[in-house]
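*Asks:* sequence plus predicted model, see below.
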Amino acid sequence: MPDRMPGWLNEAIFYQIYPQSYYDASGDGIGDIPGIIEKLDYIEALGVNALWLNPCFVSPFQDAGYDVADYYQVAPRYGTNGNLKRLFKEAHRRGIRVCLDLVPGHTSIEHPWFKASCRHRRNQYSDRYVWSDSVWEDDESDIRFISGYAERNGSYATNFFYCQPALNYGFAQPDPNKPWQQPVDGPGPKATRRELKRIMDFWLGQGADGFRVDMAASLVKKDPDHQATSALWREVRAWIQRRHPDAVLISEWGNPREAIAAGFHVDFMLHFGAPGYDHLLLQDDCFFRRRDGQGIRPFLDAYLAQVSGTEERGYVAIPSANHDFKRPRSDGRTMAELEVIFTFLLTWPGIPFIYYGDEIGMRYIKHLPSKEGGYERTGTRTPMQWDDGRNAGFSSAQADQLYLPVDPGKGRPTVQGQDADPRSLLNLVRRLTALRRDSSALQAGGTMTPLHARAERSAFVYLREQEGERFLVALNPAARAAEVEIDGVTVGAQKPEIGHGVEVRGKRQRAVLKMDGVSYGVFRL
């Protein structure tokens, strides 16, 4: 069966929700699924049409739910399976798709499968995880093992923290002297693959629209080129395409060319894996810095290398942030700088992902104690700021009962404060999402042609085209003004569809852009 792309992806604008920090409807201090349902009107008005929820399944929450103890049940702190089904239904009624976070590479040590695998007597789960044959035997340095945990005489491999034992998908190059290293078609790996499909089938049958797959490249061990892991995901892609043709697979792989070749519809450029994202948003001298930034070329060259060969097979996603690294409003960035960033994110090809709260400019909160394995990531997971009331409108609980403290800073941004201000970041994001939804040239599959893109500090200008529609996008994140001339583009003097501080005028077959410091403009040609 030839690969098929779900048609809705071309128009998708994703919004990532960290459930425990979004909205607390129950009043216990932790965000929940009924809270997300209550905020669907806000989400719809934001202009996004797809959600990614971080893990919401039963868990001891030693790693914020990425340590799953039951893949088939919603964690009680978030609600019930019925609540999640209602979320699917209410979101679909508004034209919003919902993707769940799938953790296929490991479970919690509290999962019944793992507890059974710890037993000395062999049982149906003995081979569900990667265990050595002796507590005294350790493997090579690329796999971490925990010894002395169970009555079983063996050490278990971990996928991340000690509490996340690695599920057994086999070894691409098993050592014949270590029979516990089963091949990918061994009995344990085959049983694990069957269970993975059952989990996906269950939630897609309940109404989910797909999955963001955590640590997607981590499944098969001793697989340095990821060929065996890629083959596994191509098998899953073919299976899911037959059973659920509109469902999407989004990977946390960090190497889009490899992930899309492995069968994923979408992969991210991130802070790890293939280079580029750091140059765009994270480094001290990245492109989107008011001062001391570099040019766009380091990001652009890396991006073009990733999209090369992936056309019509999958999309590259550029997120505003996510739960694992700093928000864009950190290290002194201003709201004006965020306006330039969001103009880029929502006019760029591929799939945009907005991390909850970035649309109002929530800040990364430094020096918070670790919560549920967050460590330095904790500061990007604080409660959504809805209004100036108690707990920023997140919860009616006492402040000391909150999952995490709200931003204590003076003048913290809120939805209520920005909603009525036509010049706010929130309303700019709404205008940008509306323009993207209404313009095929700005959607995922529209072409992108760099017109002015340099390695040194400079503005960035590019063309988006599709079906006879054309947009010129001009970005200047630097504090100093810039003037750019673009040959071969005919444009009369006009105001941008969306913009601030950019003027354009025609000069025969040349467009002249005058750009203030920290400015942006989206022009329809």
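*Replies:* Structure's in. What do you need? Please read these numbers as outputs of a predicted model, since none were measured by experiment. Numbering: from 1, shown residues only.

*Asks:* poorly predicted segments of the stretch 401-525 of the chain, please.
*Replies:* 492-493 (pLDDT under 70).

*Asks:* residue ranges for the helices of it, please.
*Replies:* Counting by DSSP state H, counting those that start in this stretch, residue ranges of the helices within the stretch 401-525 of the chain are 415-419, 425-438.

*Asks:* which one of the ones you listed lies nearest to Ser320?
*Replies:* When the helices of the stretch 401-525 of the chain are compared for distance to Ser320 using C-beta to C-beta, the nearest one is helix 425-438, at 9.6 Å. The C-beta positions use only the backbone N, C-alpha and C, and glycine is treated the same way.

*Asks:* contacts for that closest one?
*Replies:* 11, 13, 45-49, 335, 338-339, 342-343, 346-347, 352, 354, 359-361, 413, 415, 418-419, 421, 442-443, 497-498, 522 (C-beta atoms under 8 Å, 6 or more residues apart in numbering).

*Asks:* kindly recompute the last result at 7 Å.
*Replies:* Counting by C-beta atoms under 7 Å, 6 or more residues apart in numbering, helix 425-438 makes contact with 11, 13, 45-48, 335, 338-339, 342-343, 346, 359-361, 415, 418-419, 421, 442-443, 497-498, 522, all of which sit outside it.

*Asks:* what's the answer for stretch 459-473, then?
*Replies:* Outside stretch 459-473, the residues within contact range by C-beta under 7 Å, 6+ apart are 296, 347, 439-442, 445-453, 474-476, 482, 484, 486, 489, 491, 513, 515, 522-525.

*Asks:* pull out the buried positions in that stretch.
*Replies:* Of the residues in stretch 459-473, those buried by neighbour count under the rule 16 or more other C-beta atoms under 10 Å are 459-466, 470-473.

*Asks:* quickly list what Val316 is bridged to.
*Replies:* Bridge pairing for Val316 (DSSP bridges) gives the partners Asp267.

*Asks:* from Gly361, how far out is it?
*Replies:* Val316 is 25 Å from Gly361, where distance means C-beta to C-beta, to the nearest Å.

*Asks:* other SSEs contacting the top strand by length along the chain?
*Replies:* Of all the segments assigned as strand in the chain under DSSP state E, the longest by residue count is strand 510-524. Taking 3 or more C-beta pairs under 7 Å, 6 or more residues apart in numbering; DSSP states H and E as the contact definition, the neighbouring helices and strands of strand 510-524 are helix 335-345, strand 469-476, strand 482-487, strand 498-506.

*Asks:* cutoff 10 Å now
*Replies:* In terms of contacts (3 or more C-beta pairs under 10 Å, 6 or more residues apart in numbering; DSSP states H and E), strand 510-524 is packed against helix 335-345, helix 425-438, strand 447-452, strand 460-466, strand 469-476, strand 482-487, strand 498-506.

*Asks:* now the buried members of the contacts of stretch 459-473.
*Replies:* The neighbour-count criterion (16+ other C-beta under 10 Å) marks 296, 347, 439-442, 445-446, 448, 451-453, 474-476, 482, 484, 486, 489, 491, 513, 515, 522-523, 525 among those as buried.

*Asks:* and this structure, what are its domain boundaries?
*Replies:* 7-105+189-438, 447-524 (automatic domain parsing).

*Asks:* which of the ones you listed has the lowest mean pLDDT?
*Replies:* The stretch with the lowest mean pLDDT among the domains of the chain is domain 447-524, at a mean of 92.

*Asks:* out of the buried residues of stretch 459-473, who's nearest Phe287?
*Replies:* Comparing every one of the buried residues of stretch 459-473 with Phe287 (C-beta to C-beta), the shortest separation belongs to Phe460, at 7.3 Å.

*Asks:* bridging residues for the closest one?
*Replies:* According to DSSP bridges, the residues that bridge with Phe460 are Leu475.

*Asks:* please report how far it lies from Ala444.
*Replies:* Using C-beta to C-beta, Phe460 is found at 20 Å from Ala444.

*Asks:* same check on Arg329?
*Replies:* As judged by C-beta to C-beta, Arg329 and Ala444 stand 26 Å apart.

*Asks:* hang on, the earlier thing: compare the domains of the chain and give me the one nearest Gln164.
*Replies:* If you check each of the domains of the chain against Gln164 by C-beta to C-beta, domain 7-105+189-438 wins as the nearest, at 5.3 Å.

*Asks:* now do the same end-to-end measure for the closest one.
*Replies:* The separation between the terminal residues of domain 7-105+189-438, taken as C-alpha to C-alpha, to the nearest Å, is 16 Å.

*Asks:* enumerate every residue touching the closest residue to Ser218 other than its chain neighbours.
*Replies:* Nearest residue to Ser218 in three dimensions, chain neighbours excluded: Gly105, at 4.5 Å (C-beta to C-beta, 6 or more residues apart in numbering). Gly105 sits next to 66, 159-160, 164-167, 169, 192, 196, 213-220, 229 when contact means C-beta atoms under 10 Å, 6 or more residues apart in numbering.

*Asks:* over to Thr347?
*Replies:* Contact criterion C-beta under 10 Å, 6+ apart gives 432, 435-436, 439, 441-442, 446, 448, 462, 464, 471-473, 475, 498, 520, 522 as the residues in contact with Thr347.

*Asks:* what's the spacing between the longest helix seen in the chain and its chain's center?
*Replies:* Longest helix in the chain by number of residues, with DSSP state H as the criterion: helix 187-206. Using C-alpha atoms, centre = their mean, to the nearest Å, the mean C-alpha position of helix 187-206 is found 23 Å from that of the whole chain.

*Asks:* right, and the helix or strand after it?
*Replies:* Note on helix 187-206: by DSSP states H and E, the next helix or strand toward the C-terminus is strand 210-213.

*Asks:* residues of the helix or strand that that following strand is followed by that come out buried?
*Replies:* Sequence-wise, the next helix or strand beyond strand 210-213 is helix 227-243, with elements assigned using DSSP H and E. Buried residues in helix 227-243, counting neighbours by 16+ other C-beta under 10 Å, are found at 228-233, 236-237, 239-241.

*Asks:* using CSV, lay out those together with distance to Gly186.
*Replies:* Conversion of those to CSV gives the following (distance: C-beta to C-beta, whole Å):
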residue, distance to Gly186
Ala228, 12
Thr229, 15
Ser230, 18
Ala231, 15
Leu232, 13
Trp233, 18
Val236, 18
Arg237, 22
Trp239, 20
Ile240, 23
Gln241, 26
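
*Asks:* identify the farthest-apart pair in these.
*Replies:* Across the buried residues of helix 227-243, no pair lies farther apart than Ala228 and Gln241, at 20.6 Å, counting by C-beta to C-beta.

*Asks:* what pairs with the longest strand of the chain, parallel or antiparallel?
*Replies:* According to DSSP bridges, strand 510-524 has these partners: strand 469-476 (antiparallel), strand 482-487 (antiparallel), strand 498-506 (antiparallel).

*Asks:* what's the closest of those to Asp400?
*Replies:* Evaluated with C-beta to C-beta, the strands paired with strand 510-524 place strand 498-506 nearest to Asp400, the distance being 41.6 Å.
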